[in-house]
Structures are given as structure tokens and as C-alpha cells.
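Student: return atomic coordinates for the entry below.
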Amino acid sequence: MSHSLGLAIESLVAILLMVTIGYCMLLNKRLKRLKADENSLKATIAELITATEIAERAIGGLKHTVRDVNVNLGEQLEAAGEMSLELKKQLSEGENVVRRLSRIALAARPPADAEPKPAVATISPAKAVAAAAQAFSERRRTNGLAA
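Tutor: Down below sits the predicted model:
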């Protein structure tokens, strides 16, 4: 009986070794697949790194462009503000000139109740001089000169 017990044990060990060898073969296949997936994953990671670097450079370029646009826009807004003030000043001066010219024109007209006189003697020289003097005195001084 000792011989059959030894044979049974040896058979059991042989079966277990065969199962172990089969399991090792299965593990070997899985490891090969894992290695292939690892290489694929490395390639994907490398592509992601490259895409990230490109995106970072693009963002840096956009930031630089935004900075330039802000500077240019600020300068243009400042110039527009100055021009607006200058136009307001010129408009005010223009209104003053129109007001003075209308006063001169009114002073040069004959009164409505008076009879029309010949075109040459429409206004007396004294009245014309007085109207011109009044208009001249109403002028504002701009930059130290009479306007």
C-alpha cells in the first residue's frame, strides 16, 4: 500500500504542476498584453504632453495679444477723449462766433419801421464803427491773441 500511496501523491503533484504551468502560461499572456497596453499608454501620454505644451504656448500668445490690445485701446480711448474735449471747445467757440456775427448783422440792418434807403447809404459810418467796436470788445482772447 505504500507504493500506491506514493504513486497517488506523485500523481497529485504532477497534476498540480500541470495546473501551475497552465496558470503561468495564462499569466504570461496577460503580462504580454499589459506590456503592449503600457507602450500604448506611454504613446498617449506623450501625445497629451505635446498637446499641453502647444496649448500653453497658444495661451501665452493670446495673453500677449490681449495685453497689446488693452494698451492700444487705452491709448485710442485717451486720444478720443482729448479730441472730444477739443471738439467741444471748438463748438463753443463756433457758437460764440455765430452769436457775434448775428449781432453784427443785426446792427447793420436798418430798423424795420424806417423807409428803405439806397444800398450805398444803408448804415451810417458811425453806427458801423460802433457795431464793429462792440463786436471786437466781445471777442474772447484765445492763447493770448484776440480771436
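
Student: quick check: mean pLDDT of stretch 53-64?
Tutor: When pLDDT is averaged along stretch 53-64, the result is 96.

Student: can you tell me the element E75 falls in?
Tutor: helix 2-108 (DSSP states H and E).

Student: so what's the gap between stretch 28-48 and the chain middle?
Tutor: Mean-position distance between stretch 28-48 and its chain equals 45 Å (Cα atoms, centre = their mean, to the nearest Å).

Student: and the next element down the chain from the helix holding E75?
Tutor: helix 125-138.

Student: so how far is that next one off the chain centroid?
Tutor: A distance of 56 Å separates the centroid of the chain from that of helix 125-138, by Cα atoms, centre = their mean.

Student: for it, name the packing helices and strands.
Tutor: With contacts defined as 3 or more Cβ pairs under 8 Å, 6 or more residues apart in numbering; DSSP states H and E, the packing partners of helix 125-138 are helix 2-108. The way it works is simple: take the backbone N, C-alpha and C, and place the C-beta from them, glycine included.

Student: elements contacting the helix it packs on?
Tutor: Packing partners of helix 2-108 (3+ Cβ pairs under 8 Å, 6+ apart): helix 125-138.

Student: buried set for the helix it packs on?
Tutor: A131 (16 or more other Cβ atoms under 10 Å).

Student: by mean pLDDT, flag the weakest helix or strand of the protein.
Tutor: Among the helical and strand segments of the chain, the one scoring lowest on mean pLDDT, DSSP states H and E is strand 141-142, with a mean of 43.

Student: run the chain-centre distance for the helix holding E75.
Tutor: Counting by Cα atoms, centre = their mean, helix 2-108 comes out at 19 Å from the chain centroid.
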